[in-house]
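> need a structure here:
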Amino acid sequence: MDLQRHLRHLHAMAADPARMDLFEQLRVRDRPMSTLELGRAVPEARRGIQAHLSALADGEWIEHLDGEGRTARWQARQVPIEWADDDDSDPAIARAKEDLYWISLQRRINRIRRFDAERQTGEWPEDWVGATIGRDYSLWLTVDDVHELDDELVAVFERFRVRSEERRADGDAEDGGVRLVFVTSSAFPLSHDE
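Numbering: from 1, shown residues only. Reported below is the predicted structural model:
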């Protein structure tokens with residue numbers, strides 16, 4: 001993939017946080033959705049939704065299947081975007097990747113805050129509140145330890161991702177006891193004064 005395609009790809013997502021929500025709806029539901037459906041699922045994207053969807057399609061995140069206007073149908077692309085090792089040497093690519101990183105980080109924070117507010121107002125049943133995970137560790141590790149930790153966490157997450165895909169394929173995702181769950185993990189060094 002050439003640098004201009006990379007830039008279109010990154011800018012399509014980094015230009016507006018609502019675009020990541022639109023893309024996620026298509027990925028999670030794993031089926032075509034109309035512009036109207038997407039607008040209902042992501043209210044903050046309604047204003048300018050056609051522009052958002054066109055930009056995502058131009059950036060190769062999604063594809064337009066058929067129809068026009070509110071009845072246009074879209075789906076997430078299943079083809080992975082390939083990157084070359086030297087892509088990060090281009091300052092425009094590095095800036096666009098940094099923008100996308102900050103949007104992703106803010107989304108994580110916003111999701112945690114939204115769930116906490118919903119928990120406090122009683123919007124979630126007690127069994128789901130009791131099942132939530134919130135753990136923090138400060139560990140003395142080497143760089144190799146962090147890589148090993150990441151490999152082990154990815155293996156665990158992959159096991160549950162396969163389970164999730166099987167449930168969706170069996171139609172169990174519509175069952176009242178199955179919910180879409182946000183899982184995040186981070187590991188980074190702390191400065192000496194913390």
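
> which strands and helices sit next to the lowest-mean-pLDDT helix or strand in the chain?
Lowest by mean pLDDT, DSSP states H and E among the helices and strands of the chain is helix 3-14, with a mean of 79. Applying 3 or more C-beta pairs under 8 Å, 6 or more residues apart in numbering; DSSP states H and E, we find helix 3-14 packed against helix 17-29, helix 49-58, helix 91-120. C-betas here are computed from N, CA, C, even on glycine.

> who wins for proximity to Ser186 among those?
helix 91-120 (8.4 Å; C-beta to C-beta).

> between the helices and strands packed on helix 3-14, which one is closest to His6.
Nearest of the helices and strands packed on helix 3-14 (C-beta to C-beta): helix 91-120, 5.4 Å.

> list the buried ones in that closest one?
Ile93, Ala96, Lys97, Leu100, Ile103, Arg107, Phe115 (16 or more other C-beta atoms under 10 Å).

> ok, stretch 64-72 next?
If you call a residue buried by 16+ other C-beta under 10 Å, then stretch 64-72 has these buried ones: His64, Ala72.

> and the end-to-end length of it?
End-to-end distance of stretch 64-72 (C-alpha to C-alpha, to the nearest Å): 7 Å.

> surely Thr64 meets Arg77?
If you look again at residue 64, you'll see it is His, not Thr. No. Look at His64 against Arg77 with C-beta atoms under 8 Å: they stay out of range, at 10.9 Å.

> check what pLDDT the residue positioned nearest the centre of the chain gets.
Closest residue to the average C-alpha location of the chain: Glu24 at 5.6 Å, with C-alpha atoms, centre = their mean. Residue-level confidence at Glu24 comes out at 88, pLDDT.

> number of nearby residues for Arg29?
Residues near Arg29, counting by other C-beta atoms under 10 Å, number 17.

> where do the domain boundaries of the chain fall?
With domains defined by automatic domain parsing, the chain comprises 1-132, 134-194.

> just say which of those domains is most tucked in.
For the domains of the chain, the largest average neighbour count (mean count of other C-beta atoms under 10 Å) is found in domain 1-132, namely a mean of 15.

> could you look up the SS state of Arg167?
Of the three states, Arg167 takes helix under DSSP: H, G, I helix; E, B strand; the rest coil.

> ditto for Glu63
strand.

> list the residues that contact the nearest residue to it once chain neighbours are set aside.
Spatial nearest neighbour of Glu63, chain neighbours left out: Arg77 (5.6 Å); criterion: C-beta to C-beta, 6 or more residues apart in numbering. Counting by C-beta atoms under 8 Å, 6 or more residues apart in numbering, Arg77 makes contact with Glu60, Trp61, Ile62, Glu63.

> need phi/psi at Arg77.
The phi/psi pair for Arg77 (degrees, to the nearest 10) reads phi -70, psi 140.

> for it, give its distance to Tyr137.
36 Å (C-beta to C-beta, to the nearest Å).

> same check on Thr71?
Thr71 is 49 Å from Tyr137, by C-beta to C-beta.
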